[in-house]
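> need coordinates for the below:
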Amino acid sequence: MKAKPLIIAGATLLTLAGLVGFEVQRAAQPVVRTAVTQSIYTIGERSSYSQALADGAQVLKFGPMFLGLYPGGMAFATPEAAQAYLRDGDWDLQRWSVYRLSGDYALDTRAGYITASQLVLVEVK
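Have a look, this model is predicted:
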């Protein structure tokens with residue numbers, strides 16, 4: 001009888017690991033629009049985003065994951081709105097910056113967050 005709780009616990013852990021793996025794999029597929037009416041802007045940490053972009057790496061901003069526990073990256077309609085958010089929130093402007101994403105604001109955002117993972121294209125200076 002002692003084996004039954006261990007089997008249940010093991011099956012539960014395997015199921016959770018599979019769900020997490022599926023969620024990360026799904027989120028790793030970014031939206032890349034060829035025709036964008038209004039760009040999306042977001043906030044990112046310079047030490048990782050800018051360095052990776054300079055190195056030619058593909059940088060992702062993740063959309064919603066883990067059954068909504070992570071709502072997705074913040075989304076702004078203009079770089080000025082993102083910069084105002086940084087200034088008004090007293091963010092360290094040497095550490096954080098604004099970046100343009102690969103999606104369209106009208107199609108790929110909801111309630112201030114991106115609805116699917118996006119490529120980070122460029123730092124907005």
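
> all strands for the protein, in order.
For the chain, the strands defined by DSSP state E cover 39-45, 60-61, 96-104, 109-110, 113-114, 118-124.

> mean neighbour count, distance to residue 33 and mean pLDDT for those - can I get that in a markdown table?
Every C-beta, even on glycine, is put in place using the N, C-alpha and C of the backbone. Output for the strands of the chain, formatted as a markdown table (neighbours: other CB atoms under 10 Å; distance: least, CB to CB, whole Å; pLDDT from 0 to 100):
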| stretch | mean neighbour count | distance to residue 33 | mean pLDDT |
| --- | --- | --- | --- |
| strand 39-45 | 21 | 10 | 97 |
| strand 60-61 | 21 | 14 | 94 |
| strand 96-104 | 22 | 5 | 97 |
| strand 109-110 | 18 | 12 | 96 |
| strand 113-114 | 21 | 12 | 96 |
| strand 118-124 | 18 | 9 | 96 |
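
> format the ones you listed as a markdown table; extra columns: distance to residue 73.
Listed next are those as a markdown table, based on distance: least, CB to CB, whole Å:
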| stretch | distance to residue 73 |
| --- | --- |
| strand 39-45 | 5 |
| strand 60-61 | 4 |
| strand 96-104 | 8 |
| strand 109-110 | 10 |
| strand 113-114 | 5 |
| strand 118-124 | 7 |
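
> out of these, which gets nearest to residue 69?
strand 113-114 (12.7 Å; CB to CB).

> which residues of the chain score low on pLDDT?
1-6, 9-28, 66-68 (pLDDT under 70).

> can you map out the helices along it?
Using DSSP state H, the helices of the chain run over 3-27, 46-54, 79-88, 105-108.

> for the strands of the chain, which one sits closest to residue 30?
Here strand 118-124 is closest among the strands of the chain (CB to CB), at 4.8 Å.

> show me what contacts residue 38?
77, 104-106 (CB atoms under 8 Å, 6 or more residues apart in numbering).

> are any of those residues buried, and if so which?
With burial judged by 16 or more other CB atoms under 10 Å, the buried subset of the contacts of residue 38 is 104-105.
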